[in-house]
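Peer 1: I'll drop the sequence and a predicted model, then ask my questions.
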Amino acid sequence: MQRLIRATLLACAVAATSLPAPAQQPAAYPSTPITLIVPFAAGSGTDAVARTVGQKLSERLKQPVLVDNKPGANAQVGAVLAARAKPDGYTLFMTTNTSHSANPALYSSLKYDPIKDFTPVARVGELPFALAVSPALPVKTLAEFLDYARARPGTLSYATPNSTSLVAMETIKRIAKVDLLGVPYKSSPQALTDLLGGQVQAYVVDLGSGKSMLTGDKLRTLGITTAQPSPLLPGVPPIGQTVKGFDLTSWNGIFGPAGMPPAVVQRLNTELQAVLADRDTQDKLAQIGFQVWPSKTPEEFAQYVAQQLAHWRTLIQQAGIQPTTP
C-alpha cells in the first residue's frame, strides 16, 4: 500500500511539472519610457512643440517621454528611423508636412511611404511662418522687397531648411515673377543665424524658432504665410495681400510605425487630447507661435494626412519645383 501511495504521488508530481506554465499577462502600456523622434534639429519650431507636448504627455502616462532629434535630408532621416521602429507604442514620431506632405513630391524616391509605413495618432496643430529679410536691405514692405529683387535678378538668396520655407518662397517667386537663389540648410537655427549675419537675404521662418527675432529689430518681418493676420505678429500683413493667392500653413502631428495595436493608439490619442485641451499647454505653445488644432480621432487625422499629401503635391507642381534625387 505504501508503495502504491508513493507511486501515485510521484505520478502526480510528474504530471504537475509537465503542465504548461500560466501565460504571462502583458504589462500595462506604458511600462517603460517612450521615445519621441523629431526629424529636425534642437531649437527648431517642431522641437519646441515636441518638448512641451512630450513633458505634458509624460505627466499623464507616468513614464518619461524622451525627445530624440534626428535631423537630416529634409526630415527623411527621422522618418526612416520611425518607420522602421518596433510598432509597440514606445517609439513615436512628431513631424510636419515636410515629411508627410511635401517630400513625396519634392523627391523622385523615398525610403519610406508616408501613408503605408506609419500609424496616425493625432494632429497637434499648426505653426505659422513669416517672411523675414535682412535689415541691411533698403526695404520696409513686401512690395518694396519684390521690386528690389526684380531689379537685381538672381543676386538675392533665401534659406530653405524645410519644405515649408522652400515651397513658400518658390510660390512667391512664381506668382510675383522674381528671380531669387535658394540655399539649402540642414536646420532652422542655422538658417536664422545666416539671415542675421547677412549670408542670405530672406527666409520664410517658423514662429517656433524665430518669434523673438521676428518681433524685434534684428530682422525685418514683411509678411505672414497664413491667410489671416496673426495676433502673435501685430502689424504684419498676410503675404497674400501682396502676392495674390498665397496661403500656406505648416501642420504638426504625431505618428507611430505601421501596425501599432489599436488599444495603444487609442490610449495615446485620448491622452494627447487631454494634453492639448490643457490651458497651460496651450499658453506655452502660443508663446512660440504654435496654434493647437487637434484631430478628434486617429481616423480623422489619417484622412487629413491623405488630403494634405494631395494638396502639397499640387502646390509644389504649381510652383514649378522639379523632384530631385535624395
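Peer 2: Sure, I can see it.
Peer 1: hang on, Ala286 packs against Lys211?
Peer 2: No: contact status for Ala286 versus Lys211: not in contact, 10.2 Å apart, counting by C-beta atoms under 8 Å. Where you see a C-beta, it was placed from the backbone N, CA and C, and this is true even at glycine.
Peer 1: which one's more surrounded, the two?
Peer 2: Lys211 (21 against 14; other C-beta atoms under 10 Å).
Peer 1: separation between the more buried one and Pro128?
Peer 2: 10 Å (C-beta to C-beta, to the nearest Å).
Peer 1: again with Arg267
Peer 2: Taken as C-beta to C-beta, the span from Arg267 to Pro128 is 31 Å.
Peer 1: quick one: which of these two has more around it?
Peer 2: More crowded of Arg267 and Pro128, by other C-beta under 10 Å: Pro128, with 25 against 17.
Peer 1: go ahead and confirm that one touches Leu207.
Peer 2: Yes: contact criterion C-beta under 8 Å: Pro128 and Leu207 qualify, at 5.4 Å.
Peer 1: mutual contacts of these two, please.
Peer 2: Residues touching both Pro128 and Leu207 (C-beta atoms under 8 Å, 6 or more residues apart in numbering): 230, 232-233, 289.
Peer 1: ok so, going back, overlap in contacts, Ala286 and Lys211.
Peer 2: With C-beta under 8 Å, 6+ apart, Ala286 and Lys211 have common neighbours Leu232.
Peer 1: can you show me the strands along the protein?
Peer 2: Per DSSP state E, the chain carries strands over the ranges 34-38, 65-69, 91-96, 118-127, 129-133, 157-160, 181-184, 202-206, 220-224, 250-257, 291-292.
Peer 1: closest to Arg84 out of the ones you listed?
Peer 2: Smallest distance to Arg84 across the strands of the chain (C-beta to C-beta): 7.2 Å, for strand 250-257.
Peer 1: got the angle between that closest one and strand 91-96?
Peer 2: Using axes from the mean of the first three to the mean of the last three C-alpha atoms, to 10 degrees, the inter-axis angle of strand 250-257 relative to strand 91-96 is 160 degrees.
Peer 1: list the helices and strands strand 250-257 packs on?
Peer 2: Packing contacts for strand 250-257, counted by 3 or more C-beta pairs under 8 Å, 6 or more residues apart in numbering; DSSP states H and E, involve helix 45-61, helix 76-83, strand 91-96, strand 118-127, helix 262-277, helix 298-318.
Peer 1: point out the most buried one among those.
Peer 2: Stretch with highest mean neighbour count among the helices and strands packed on strand 250-257: strand 91-96 (a mean of 25; mean count of other C-beta atoms under 10 Å).
Peer 1: list the contacts for the closest residue to Val183 other than its chain neighbours?
Peer 2: Distances taken as C-beta to C-beta, 6 or more residues apart in numbering put Ser157 closest to Val183, at 5.1 Å, once the chain neighbours are dropped. Contact analysis of Ser157 by C-beta under 8 Å, 6+ apart lists 180-183, 199-202.
Peer 1: show me how to select, in PyMOL, the buried members of the residues you listed.
Peer 2: In PyMOL, a selection of the buried entries from these looks like this (16 or more other C-beta atoms under 10 Å):
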select buried, resi 180+182+183+200+201+202
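Peer 1: identify the farthest-apart pair in the contacts of Ser157.
Peer 2: Leu180 and Gln199 (14.4 Å).
Peer 1: measure the closest residue to Ala149 other than its chain neighbours to Ala102 for me?
Peer 2: Leaving aside its sequence neighbours, Ala149 sits nearest to Val178 (C-beta to C-beta, 6+ apart; 4.5 Å). Relative to Ala102, Val178 is positioned 22 Å away (C-beta to C-beta).
Peer 1: brilliant, that's me finished.
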